[in-house]
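Chemist: Give the three-dimensional model of this entry:
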Amino acid sequence: MFGPSKATRDAEFTAFVASAQQPLLRMAYALTGEAEAARDLVQEALTKTYVAWGRIRSDEAMAYTRRIIVNQRIDTWRKTRKETVTDTLPDTAVDSREGVADRRDTLVRALAALPEQQRKVVVLRHYADMSEAHVADTLGISRGAVKSAASRGLAALRQHASSTEEGLLR
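Modeler: The predicted structure follows:
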């Protein structure tokens, strides 16, 4: 009659956070390129998810939380749109685990260089493993726009990867 108790809801939410936190952090990091910003984004999204927990079906919790993350990131992009993007990237420290870490950092920088719409589509489609229809619904765009942005974004990432490899081989 009254639904699950607060203790039951809290236990369910705690279990959800335990299973979803790392995938959400990876997605947020792919969207932001900054670990601290990703943690803040996920924390805010989980807080909003907790508030709505009684209204969310457990099988929709991950999608609901991802949507919050995407919406928050879009809001941040809109607020910072006036900032100037440059072609030069700051120097980064050398990671002791050079191979994998360098490739990951290169990918994050390449993602950051993509136009906003392409970056969102590539991250949601290929990193968060969402379907074209789900990405279209999440971003409020057509499936054709998702296909186009994904194609252009992946082509730009391939171009960046090939130019980076050529630079490393010289």
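Chemist: Do me a favour and average the pLDDT over stretch 139-155.
Modeler: Average pLDDT, stretch 139-155: 92.
Chemist: next one: stretch 55-74
Modeler: 88.
Chemist: Point out the other helices and strands that the helix or strand hosting Ser163 packs with.
Modeler: Using DSSP states H and E, Ser163 sits in helix 143-169. Counting contacts by 3 or more CB pairs under 8 Å, 6 or more residues apart in numbering; DSSP states H and E, helix 143-169 is packed against helix 98-113, helix 116-122, helix 132-139. All C-beta atoms are positioned from the backbone trio N, CA, C, and that covers glycine.
Chemist: what comes up buried for the last one?
Modeler: By neighbour count, and taking 16 or more other CB atoms under 10 Å as the criterion, the buried residues in helix 132-139 are 132, 134-136, 138-139.
Chemist: again with stretch 12-31
Modeler: By 16+ other CB under 10 Å, the buried positions in stretch 12-31 come out as 13, 16-17, 20, 23-25, 27-31.
Chemist: Then stretch 28-44?
Modeler: Buried residues in stretch 28-44 (16+ other CB under 10 Å): 28-33, 38, 41-42.
Chemist: Quick one: end-to-end distance for it.
Modeler: Stretch 28-44 has an end-to-end distance of 11 Å (CA to CA, to the nearest Å).
Chemist: can you list contacts of that stretch?
Modeler: 21, 24-25, 45, 68-70, 72-73, 108-109, 111-112, 119-120, 123, 127 (CB atoms under 8 Å, 6 or more residues apart in numbering).
Chemist: Could you pick out the buried ones from these?
Modeler: Counted by 16+ other CB under 10 Å, the contacts of stretch 28-44 give 24-25, 45, 68-70, 72-73, 111, 119-120, 123, 127 as buried.
Chemist: So in this structure, where's the weakest helix or strand by average pLDDT?
Modeler: Ranking every helix and strand in the chain by mean pLDDT, DSSP states H and E puts helix 98-113 at the bottom, with a mean of 73.
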